[in-house]
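J.: heads up, no residue letters with this:
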């Protein structure tokens, strides 16, 4: 068994006061991992607080347990003094936001499945073979003897389901399916997880129509991109949460290898998501632009005029796309 | 073990010439079941033809094996004389279209998971506890000793994945997940199945925008419905296949219990799909209107003017919705 895994399990077992934190701009895997660890460790009698230094998208509140995740301010004000900082699904220290403040005074454990992880903790269990960090938390909980009920099993499933696109991405391997089977056998319900995404508002459909109007294709339809401006969000009474699945819609177009969605929710602040189907390395493109992520799903944030950024990002994407295509042609020769 | 299952396996084992047929308006589970049985039985050295008396939606041709499914005319012309007619995923005899012609001269085996099955074969293995007919075919293949490779495992997975909404519906139980795990361990790839739905054309997005424009809500947003006319399809260079997932979009709206999508692809011929989330029995509504299906997914076809049919269907839906709501209220009292 992995040495870092065992060290982390042993030290968690010995610890009494644990602060579990996730990353900024949290996704389903992050929220699932944080809650599964928090609830699991509490069931072993430990004092645990959970924090994410970012607004949590409204649709995750379908699970009332999400209310247990505290803001940075709330945790500061509580006067909680953790011995351990358990950081989940975050590839680098800056990804935990202001919780970095606890870095010097605690024993820092990092559990993550991102290839770009900088191994910034005292103990780092980083394994890219897992489709989700939630599966790693499940292993920690199992090793610690955490009892599972329907609630915990469903919350833990959320990370597996969301980080594999509901079992649709190529990272949905045998381990993903057998882990999901185990959680389902413990009472976990994937359909409750899917409810998160079945709470659409009509306004989201209107926003989607606008995104479709802005859609452009490049390179013989291999790159698809679109954007939404602050005005698009405002005019339709939408927040950035409402466009969460749009990059996936772009990716679903026939022949598209790389999908790019640019979202200006705050004026002159643009969040960019990249998704690929087969071979394009999104994390490489995101890293060039100051972000990070996985091969098939990555992202970055840029400041400046939306339309200038759209041009810049598409130029970078096309350059990398062309170089990558060329090298793959070379490899085939 | 189930007696009908054993009879069917025993008799398939003894048979040399088998005609495998699916139902009209085939879906992913039907096509998966037909191909998995056809390829499986062929691997045991039998002569097998597969037929569906309906046009197969273009996106299924992502799998080249779909070309092995023949039309009624092709099978007639081949002069094939089957001893056995293996009918998959069809709840009544009329659902196999003109293949009914083979009913009198063959030994008829029915394998299906629909509660509305009329048990019309000589042997009927009908079990509603399965999320998909594909899982039942997998059991037949396993019992017969069919060797699986990546291709067959992926084709077999297609039915499980599509009939459970990619593991999102409430029928995605432990058996669904453990069957999927088994097929994935044999080389099955869910992401190849999902490709079927990642071949969208831009025109489909335009069609979706129109569907959104036609969207209406009833009963405090609990019923959502929309429609597309023949003109909507024609003006956007789309076929009925292009609106395959639209009823799911309607179902994904917050608070919606019942989603209804009406599609007039041929003038004055309307196909209607029903989907529910928690409690509404779609098969009951579909049956009233001359169709059939499952509790959470059902459908029917009606002839006449689209707008008249929209009114009629919504009236029936509202009546049943109200009665069902009332009885559920009564139950709670």
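T.: That came in fine, so what should we check first? It should be emphasised that the depicted structure is a prediction, and the values quoted were computed from it without experimental measurement.

J.: would stretch A:293-303 count as contacting chain B?
T.: No. Interface with chain B: stretch A:293-303 contributes nothing (CB under 8 Å from any CB of the partner chain), its closest point being 9.7 Å away. From N, CA and C alone the C-beta is placed, and that goes for glycine too.

J.: contact partners of that stretch?
T.: For stretch A:293-303, the external contacting residues (CB atoms under 8 Å, 6 or more residues apart in numbering or on different chains) are A:25, A:114-116, A:169-171, A:268-277, A:281-283, A:285-287, A:289-292, A:309, A:312-313.

J.: in ChimeraX, select just the buried ones from these.
T.: One line in ChimeraX is enough to select the buried ones among those; burial here means 16 or more other CB atoms under 10 Å in any protein chain shown:
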select /A:25,114,116,169,170,171,270,271,272,273,274,275,276,277,281,282,283,285,286,289,291,292,309,313
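
J.: near chain B too, which of the contacts of stretch A:293-303?
T.: Applying CB under 8 Å from any CB, the subset of the contacts of stretch A:293-303 adjacent to chain B comprises A:169, A:170, A:277.

J.: return the member of these nearest to chain B.
T.: Using CB to the nearest CB, residue A:170 comes nearest to chain B of those, at 4.5 Å.

J.: what is the least confident helix or strand in chain A?
T.: helix A:306-332 (a mean of 81; mean pLDDT, DSSP states H and E).

J.: list the buried ones in that one?
T.: Buried residues in helix A:306-332, counting neighbours by 16+ other CB under 10 Å, are found at A:306, A:309, A:310, A:313, A:314, A:317, A:320, A:321, A:324.

J.: off-centre distance for that helix?
T.: Computed by CA atoms, centre = their mean, to the nearest Å, the chain-centroid distance of helix A:306-332 equals 24 Å.

J.: helices or strands next to it in the packing?
T.: Applying 3 or more CB pairs under 8 Å, 6 or more residues apart in numbering or on different chains; DSSP states H and E, we find helix A:306-332 packed against strand A:223-228, strand A:258-266, strand A:269-276, helix A:282-288, strand A:297-303.

J.: repeat the analysis, applying 10 Å as the threshold.
T.: Here helix A:306-332 touches strand A:216-218, strand A:223-228, strand A:258-266, strand A:269-276, helix A:282-288, strand A:297-303, going by 3 or more CB pairs under 10 Å, 6 or more residues apart in numbering or on different chains; DSSP states H and E.

J.: what's in contact with the helix or strand that comes right after the second one?
T.: Using DSSP states H and E, the helix or strand that follows strand A:223-228 towards the C-terminus is helix A:230-235. Contacts made with helix A:230-235 from outside it, assessed by CB atoms under 10 Å, 6 or more residues apart in numbering or on different chains, are listed as A:203, A:206-207, A:210-211, A:213-214, A:229, A:238-240, A:242-243, A:263-270, A:306.

J.: swap in 6 Å and give it another go.
T.: Contacts of helix A:230-235 with the rest of the structure, by CB atoms under 6 Å, 6 or more residues apart in numbering or on different chains, involve A:210, A:264, A:265, A:267.

J.: sorry, back to before: turn the helices and strands packed on helix A:306-332 into JSON lines, including mean pLDDT.
T.: Below are those laid out as JSON lines (pLDDT from 0 to 100):
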{"stretch": "strand A:216-218", "mean pLDDT": "94"}
{"stretch": "strand A:223-228", "mean pLDDT": "98"}
{"stretch": "strand A:258-266", "mean pLDDT": "95"}
{"stretch": "strand A:269-276", "mean pLDDT": "95"}
{"stretch": "helix A:282-288", "mean pLDDT": "95"}
{"stretch": "strand A:297-303", "mean pLDDT": "94"}
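
J.: now these as CSV including distance to residue B:191?
T.: Shown next, in CSV, are those (distance: least, CB to CB, whole Å):
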stretch, distance to residue B:191
strand A:216-218, 22
strand A:223-228, 18
strand A:258-266, 15
strand A:269-276, 12
helix A:282-288, 16
strand A:297-303, 13
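
J.: which positions in the stretch 51-200 of chain A make contact with chain B?
T.: Residues of the stretch 51-200 of chain A found near chain B (CB under 6 Å from any CB of the partner chain) are A:166-170, A:172, A:174, A:177-178, A:180-181, A:184-185, A:190-191, A:194, A:198-200.

J.: just the buried ones among the residues you listed, please.
T.: By 16+ other CB under 10 Å, those give A:166-170, A:172, A:174, A:177-178, A:180-181, A:184, A:190-191, A:194, A:198-200 as buried.

J.: without its sequence neighbours, what residue ends up closest to the residue most central in space within chain A?
T.: Closest residue to the average C-alpha location of chain A: residue A:27 at 3.8 Å, with CA atoms, centre = their mean. Of all residues not flanking residue A:27 in the chain, residue A:162 sits nearest, at 6.5 Å (CB to CB, 6 or more residues apart in numbering or on different chains).

J.: look at the one you found and say how many residues are nearby.
T.: Residue A:162 is flanked by 22 other residues according to other CB atoms under 10 Å in any protein chain shown.

J.: kindly report the same for residue A:30.
T.: Neighbours of residue A:30 using other CB under 10 Å come to 28.

J.: equivalent analysis for residue A:263, please.
T.: When neighbours are counted by other CB under 10 Å, residue A:263 registers 26.

J.: likewise for residue A:233?
T.: Residue A:233, neighbours per other CB under 10 Å, totals 21.

J.: tell me where the stretch 1-150 of chain A has strands.
T.: Remark: strands assigned in the stretch 1-150 of chain A by DSSP state E, counting those that start in this stretch are A:17-21, A:47-51, A:69-70, A:84-88, A:107-112, A:123-126.

J.: so can I have TSV of those showing mean neighbour count and mean pLDDT?
T.: TSV is the format used below for these (neighbours: other CB atoms under 10 Å in any protein chain shown; pLDDT from 0 to 100):
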stretch	mean neighbour count	mean pLDDT
strand A:17-21	24	98
strand A:47-51	22	98
strand A:69-70	21	98
strand A:84-88	28	98
strand A:107-112	24	98
strand A:123-126	21	98
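
J.: export these to JSON lines and tack on distance to residue A:59?
T.: What follows is the strands of the stretch 1-150 of chain A, written out as JSON lines (distance: least, CB to CB, whole Å):
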{"stretch": "strand A:17-21", "distance to residue A:59": "21"}
{"stretch": "strand A:47-51", "distance to residue A:59": "19"}
{"stretch": "strand A:69-70", "distance to residue A:59": "14"}
{"stretch": "strand A:84-88", "distance to residue A:59": "20"}
{"stretch": "strand A:107-112", "distance to residue A:59": "24"}
{"stretch": "strand A:123-126", "distance to residue A:59": "29"}
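
J.: since that was my last question, I'll sign off now.
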